[in-house]
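J.: Provide a 3D model corresponding to the input given below.
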Amino acid sequence: HWAPRQGMVIVTGPTGSGKTTLLAAGCRMLLEREEGCGKMLTYESPIEYVYDVIKSPRSLVSQSEIPRHLPSFARGVRNALRRKPEIILVGEARDRETISAAIEAAQTGHTVYTTTHTTGVAATIARMIATFETDERAERAYALLETVRMVVTQALVPKVNGGRMGVREWMYFPDLVRERLLEMDYTEWSSTIQRWIPNYGQTMAESARLVFEKGQIDKRYYLMLASSTSSGGD
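T.: Numbering: from 1, shown residues only. Take a look at the predicted model:
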């Protein structure tokens, strides 16, 4: 599910939760596939990982830094669309203009990877929709849903034996899920998505329980994570 032919993959979590690292690992995987990934354009602020040393004969990576090369992420996406890439990485989709540009890129046949600061799959969709003005919200909500393919929320927690580990809530959005959600009002999506996560992914509570039962994290972190996204709201 990490490599849809087109559409948007959103990696979310608070600052310092390892979103950039997870995204970079995902990009490396795409580059190291036998078929490579074609042309990948990234727009980052700042550039933290470079891909120069990764051998990928069938890929071309061009990284741009915001605001050094371009003034904003939204301008980055517009720049990307002129350059005909297969993959566009948008460092952060935090405002209306960037989210709109990312949706547009995904609608026109590109695979778009981006991040937001939300916690939880349902909250991510709700927060992205909430950035739009009321009169355009419904239309933008349906456009977002048509393009979204997967949402991953990551939290970094201390391990029992030192170091930290990523614990994730995730859900993928196959055609069936998107079709069923498109039939209902977008205000109902949060609660519905929250209910469907176990069927099409894994909740944060479940992921935390699995690593807690393996003895990898302390009970207090398990309890903290188990309650962090269960509400389904912001």
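J.: Packing partners of the helix or strand harbouring Thr98?
T.: Here Thr98 sits within helix 96-107, counting by DSSP states H and E. Counting contacts by 3 or more Cβ pairs under 8 Å, 6 or more residues apart in numbering; DSSP states H and E, helix 96-107 packs against strand 7-12, helix 73-82, strand 87-90, strand 111-116, helix 134-147. Using the backbone N, CA and C atoms, a C-beta is placed for each residue, glycine as well.
J.: Out of the ones you listed, flag the one nearest Asp218.
T.: Smallest distance to Asp218 across the helices and strands packed on helix 96-107 (Cβ to Cβ): 23.8 Å, for strand 7-12.
J.: rewinding a little: and the average pLDDT for the helix holding Thr98 is what?
T.: Averaging pLDDT along helix 96-107 gives 94.
J.: what does stretch 193-202 give?
T.: 96.
J.: Would you mark the buried spots in that stretch?
T.: Ile193, Gln194, Trp196, Ile197, Tyr200, Gly201 (16 or more other Cβ atoms under 10 Å).
J.: quick one: the strands in the chain?
T.: 7-12, 38-44, 59-65, 87-90, 111-116, 148-158, 164-172, 201-202 (DSSP state E).
J.: who wins for proximity to Tyr186 among the ones you listed?
T.: Short answer: strand 148-158, nearest of the strands of the chain by Cβ to Cβ, at 12.5 Å.
J.: List every C-alpha atom in that closest one, with coordinates, as PDB.
T.: The C-alpha coordinates for strand 148-158 follow below in PDB (Å, rounded to 0.1, in the frame of the first residue of the first chain):
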ATOM      1  CA  VAL A 148      -6.000   9.500  -0.400                       C
ATOM      2  CA  ARG A 149      -4.600   5.900  -0.500                       C
ATOM      3  CA  MET A 150      -3.000   5.500   2.900                       C
ATOM      4  CA  VAL A 151      -2.600   7.400   6.200                       C
ATOM      5  CA  VAL A 152       0.100   6.500   8.700                       C
ATOM      6  CA  THR A 153       0.400   8.100  12.200                       C
ATOM      7  CA  GLN A 154       3.700   7.500  14.000                       C
ATOM      8  CA  ALA A 155       4.600   8.000  17.700                       C
ATOM      9  CA  LEU A 156       8.200   7.500  18.900                       C
ATOM     10  CA  VAL A 157       8.300   5.900  22.400                       C
ATOM     11  CA  PRO A 158      11.200   4.800  24.700                       C
END
